[in-house]
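Q: Structure of the sequence below:
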Amino acid sequence: MLSRFRSNQAIGFILSVMLVLLFVYIWTRPWAHREMRDGFLLGFFPMLGVGAMLFCTLAMTFDPLRKEVPEELASYSLYDTAKALVMVIGVGIYFAIMRKIGFVLVTPVFLFIYMGWFGVRPWRTNLILAVCIPLATYLLFSVLGVRLPNGILPALF
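A: Okay, here's the model as predicted:
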């Protein structure tokens, strides 16, 4: 009976419900209907992304393999759920701190902790990636003209 809730169909259904709720949430926000300089609505791409994910989850719900239980979920436990919840909470904390302190200062710490937690080894590789990825991202976004939170960094220089 419990394996039925671990099937592709159950997972697809749960994800579909969550994505419909996310789509409705975005749709009801006033910012989502604000028109940008290029004529697109600000919420167009978020809603497009959620719609694409919803299409995929509905495919999981109705595909021929919907009754199968993926091998990884056969041994799924509450510990795995707690680990995922801790990650989501950590991302929320990261976002709040990043807005105040800044992307370039907070992201390497966050990446170092999370990559270590998920098993990136050795730690030197972890450290190099944790520093290089945010710097490359910051440079790319700067070239594209997208501002990332600077936080306290301008005050230091």
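
Q: where do the helices sit along the protein?
A: Counting by DSSP state H, the chain has helices at residues 8-28, 44-62, 71-74, 78-101, 103-117, 123-144, 153-156.

Q: Mean confidence (pLDDT) on the third one, please.
A: If I follow you right, that is helix 71-74. Per-residue pLDDT over helix 71-74 has a mean of 70.

Q: Tell me the spacing between residue 88 and residue 110.
A: According to C-beta to C-beta, to the nearest Å, residue 88 stands 13 Å off from residue 110. In short, each C-beta sits where N, CA and C put it, glycine included.

Q: If you count surrounding residues, which of the two has more?
A: More crowded of residue 88 and residue 110, by other C-beta atoms under 10 Å: residue 110, with 18 against 9.

Q: Out of the helices of the chain, the one nearest residue 34 is which?
A: For residue 34, the closest of the helices of the chain is helix 44-62, at 10.4 Å, according to C-beta to C-beta.

Q: For that closest one, could you pull out the residues that count as buried?
A: Residues 46, 50, 53, 54, 57, 60, 61 are the ones in helix 44-62 that count as buried (16 or more other C-beta atoms under 10 Å).
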